[in-house]
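Q: return a 3D structure for these sequence lines:
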Amino acid sequence: MTLRRRNLRALGVILAAALVVRLLYFWTIKDYRIDRIPQAFTASDMNANLNWAQEIAAGDWLGVHPYHPYNDWMQKIAPKEKWYEWWGGEQVFQQAPLYPYFLASIFSLLGPQVDFAIFLQLLLGVAQCGLIYGIARRLFGSKVAAASGLIAAVYAPFIFFQGVLLRDSLLTTLELAAFYGFVRVRRTRRSTDAIFTGLSVGLAVLCKPTAALLALGFAIWMFLEKRERLEFRSALGITILGATCFVILPLVSRNLSLGLGPLSISNRAAEAMIIANAKGGHTMVLKVPDSLGAIMEKTGGRPLAVASETLKTWDGDWGNFILFQLGKIKALFASQEVDNNANFYFGLDVSPVLAACIPFSFIFPFAIIGFFARRGTGAAHAILLYFVLLLLPGLLLSTPLARYRLSFVGLCIIAAVLGVKEFYLALRQHEFGRVTLMVAALAGLIVLHQTYLSPDSDPLVKAQLVRPQEYLFVSAAFEEEQDFARAIEMMHLIERRAHERPDFEKLRRFVRKKRGELSLAWALKSATEEQGAIVRVKLADAEQDLLLAEETGSALYQVGAMFIALGEKDRGKELIDAHLAAHPDSPHREQAAQILEKYFPNEGSESAAEASQ
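A: This next block holds a predicted model:
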């Protein structure tokens, strides 16, 4: 079999494996009403993307009236009209527009079904594995490429973020395509590959403006790499830049037609700069500094002025500023998937497929060794590290959330395979001193990753790691469908995660109260269907949860009334008495008096009178 056929077979296996895993993942999550989450989670980018895409699909393809969220934190700072002023006008896009237009195209062709969009994104995610394979093969050979592609096929965060309505998976595909195109340009020196690279970068810029650094970085590399005449190398670099500019021409035309600045891609740059770099922010969580409103008002949202005022918040304390920036590098390598929009751990809880896949903690220690393992691959290693360098400014200028690092992790996967290869070669060649050193390094890196690079001690980070919103939205969807068993299942999952949150007791009481109410609703439904055994079991569950939650409201009264109707009069009376004692003005007091008078006549009128007071 020729080398080309072996490579094609390996690529086919990788793509097939990636496809099967993603189909299985979609099959496990589709029944958890994932299409409801973007609509219900109104403070999320998923909700903004959905609403914006729906407006585009409804006819606003030019973006004359682009969607702008106005969330709670924004309302606390300024009126919406003031935000428009800071953004440079209402017609400036909220974010780089490619992803909402991508969604709008899906909605126009297939209907406004979130499930379809998620399914297509998972299919597109298969391409990421092929691109990682292609990058690795051209830099390090077929064996490294095959291993890298297979790891990418089963890397859990890739799969999860491909299944949510966020731009980051599309951006990752485009950035990896740009890297793949560039390694081809270096090998083939063909203008067609340079055009492909530039087009990929241009689309990535329309997904997130910081991707423009890739085009500039590629052009600089071509200019400095002394393999051919300067004129030829410069022509390839200019071709990459030209193709990039060609892609963004429609945006420039649109902006000029609306009287905006030609390169007005997004209005988020100023806010992101302040949130990620001002004193009072956070290195891992999107925490809005108190200075944001004042800086926006003083600068009018002008990027250079915003950067200057943001630095001034540190009052010359450059030591702590540097430590703050180093904290972002720590966040980049964090062992947990910290994100403000999509809860990776919800995905782990509802999908056994995702739970069986590879986490970042498996990649990290081998990747660090691989980045420094240069046995016979010096030039290729330099390119891999250069790709990382091109991604870092965009990552560190903002808060490096888990979904922002996906392209970076794609490169880390290749480095991790190189680390494993280095260990294998040292072992095969009986370099036991080197093997011992690498084992010690691996052990140290694993400990480092699970301790110093684990943000568990930070309450703000914990609150993001175990956020209950997704569970509650899915539970509400099941409750609406009267599928109380699955609604209660979501409450159990929250409680299992709740011990990891700083407000554990508060959250646990809330979960138990809600679970008690769901059990009561299940009992009421079963009563209408004359399922007596289920009624008693669910009433007992409701009683237990409501009492543990110290909840004495209407739900407890209803449980008591149903127990009395089922013949457990003393048990029911105790619950009704507890409700009336805690709520003397209860709207149920007259009905309670009638129930007590009917079922407890031997106690005279005293109980009824007390209940009616």
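Q: contacts for the helix or strand harbouring Gly217?
A: Here Gly217 sits within helix 212-224, counting by DSSP states H and E. Residues from elsewhere that reach helix 212-224, judged by C-beta atoms under 8 Å, 6 or more residues apart in numbering: 175, 178-179, 182, 185, 197-198, 201-202, 204-205, 230, 233-234, 236-238, 240-241, 244, 386, 389-390, 393-394. C-betas here are computed from N, CA, C, even on glycine.
Q: buried residues, that helix. List them.
A: Within helix 212-224, the residues that qualify as buried are Ala212, Leu213, Leu214, Ala215, Gly217, Phe218, Ala219, Trp221, Met222, counting by 16 or more other C-beta atoms under 10 Å.
Q: stretch 137-155 now?
A: Within stretch 137-155, judged by 16+ other C-beta under 10 Å, the buried ones are 137-140, 144-155.
Q: ok, of the residues you listed, which one's closest to Gly300?
A: Proximity of those to Gly300 (C-beta to C-beta) peaks at Tyr155, which lies at 42.4 Å.
Q: that older thread, mind putting the buried residues of helix 212-224 into CSV with distance to Ile275 and pLDDT?
A: Formatted as CSV, those follow (distance: C-beta to C-beta, whole Å; pLDDT from 0 to 100):
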residue, distance to Ile275, pLDDT
Ala212, 21, 94
Leu213, 20, 94
Leu214, 24, 95
Ala215, 26, 94
Gly217, 25, 94
Phe218, 29, 93
Ala219, 31, 90
Trp221, 32, 90
Met222, 35, 87
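Q: of those residues, just say which sits nearest to Val285.
A: Scanning those for proximity to Val285, where the rule is C-beta to C-beta, the winner is Leu213, at 24.6 Å.
Q: report the buried members of the contacts of helix 212-224.
A: Buried, going by 16+ other C-beta under 10 Å: 175, 178-179, 182, 185, 197-198, 201-202, 204-205, 233, 236-237, 240-241, 244, 390, 394, out of the contacts of helix 212-224.
Q: got the contact list for the residue lying closest to Arg268 once chain neighbours are set aside?
A: Excluding its sequence neighbours, the residue lying closest to Arg268 (C-beta to C-beta, 6 or more residues apart in numbering) is Gln95, at 5.8 Å. Going by C-beta under 8 Å, 6+ apart, Gln95 touches Asp45, Ala48, Arg167, Ser266, Arg268.
Q: roughly how far does the last one sit from Val353?
A: Distance from Arg268 to Val353, counting by C-beta to C-beta, to the nearest Å: 33 Å.
Q: neighbour count: the two, which is higher?
A: Per other C-beta atoms under 10 Å, whichever of Arg268 and Val353 has more neighbours is Val353, with 21 against 18.
Q: and that one, what element?
A: Assigned by DSSP H and E, Val353 falls within helix 352-355.
Q: quick one: the strands in this protein?
A: When assigned using DSSP state E, the chain turns out to have no strands.
Q: tell me, what residue is most central in it?
A: Ala342 (3.7 Å; C-alpha atoms, centre = their mean).
Q: got phi/psi on Asp483?
A: Backbone torsions of Asp483, given as degrees, to the nearest 10, read phi -90, psi 80.
Q: Arg190: which of the buried residues of helix 212-224 is nearest?
A: Nearest to Arg190 among the buried residues of helix 212-224, counting by C-beta to C-beta, is Met222 at 12.9 Å.
Q: what residues are up against the closest residue in space to Leu176 that isn't next to it in sequence?
A: Closest residue in space to Leu176, ignoring its immediate chain neighbours: Leu131 at 4.0 Å, by C-beta to C-beta, 6+ apart. Contacts for Leu131 (C-beta under 8 Å, 6+ apart) come out as Thr173, Leu176, Ala177, Phe179, Tyr180, Gly410.
Q: next up, phi/psi of the nearest residue to Val164 once chain neighbours are set aside, please.
A: Of all residues not flanking Val164 in the chain, Ala342 sits nearest, at 4.4 Å (C-beta to C-beta, 6+ apart). Here is the backbone geometry of Ala342 (degrees, to the nearest 10): phi -120, psi 130.
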